[in-house]
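Q: what shape does this take:
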Amino acid sequence: MKLKRETEVAIAILVACARSNDWRLKTADAAKAAETTSDFAAHVALKLVNAGLLTATRGRNGGLELTRSAKEISLHDVICRMEDQNPVASNAGNSRGEQLKAKALIEVMRGVDDAVQTYLNRFSINDLAEAELPLEEGKIGENSGTMRAKRKARRPSGLESRFA
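A: This next block holds a predicted model:
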């Protein structure tokens, strides 16, 4: 199975978000982790947001974060949402003989799809995040010139809001 570059980047972004612990990940840091441009990372992140796998928050304390635990996001989930192909959905053949051959092929392809789905469901984004790290853990963003923000912004002690 050959994955589109977009899918590979999506997996890398999700893994980087999983590795960022309690931090929102800036798009520039996600791009660096995925070894791609910031523009392409933003494009893929938008698709992940639309697929319900990421949330994106704008602003000073903004960034990307997983919508659910990395243990709950299987590789099958990501690949199905990013890839637009379904080998089973074939409408080959018009004659009765061709339809029978196509039906047999469709059954074989369903079996392949089931096997691939079962295998990919065994692995989660968390499994990839816990694998050997290419960068030291927690170092994403420290040297990239961008700041990461905690998920919940904390007000420094001594500063009270008039609106609280």
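Q: can you list contacts of stretch 69-84?
A: Applying Cβ atoms under 8 Å, 6 or more residues apart in numbering, the contact partners of stretch 69-84 are 3-4, 6-7, 10-11, 14, 17-18, 47-48, 51, 53, 66, 116-117, 120-126, 128-129. The way it works is simple: take the backbone N, C-alpha and C, and place the C-beta from them, glycine included.
Q: mind doing that once more with 7 Å?
A: Residues outside stretch 69-84 that contact it (Cβ atoms under 7 Å, 6 or more residues apart in numbering) are 3-4, 6-7, 10-11, 14, 18, 47, 51, 53, 66, 117, 120-121, 123-126, 129.
Q: tell me which entries of those residues lie within helices.
A: Using DSSP state H, the subset of the contacts of stretch 69-84 located in helices is 6-7, 10-11, 14, 18, 47, 117, 120, 125-126, 129.
Q: picking that back up, which of the contacts of stretch 69-84 are buried?
A: Among the contacts of stretch 69-84, those buried by neighbour count (16 or more other Cβ atoms under 10 Å) are 7, 10-11, 14, 18, 47, 53, 66, 120, 124-126, 129.
Q: good, we can wrap up now.
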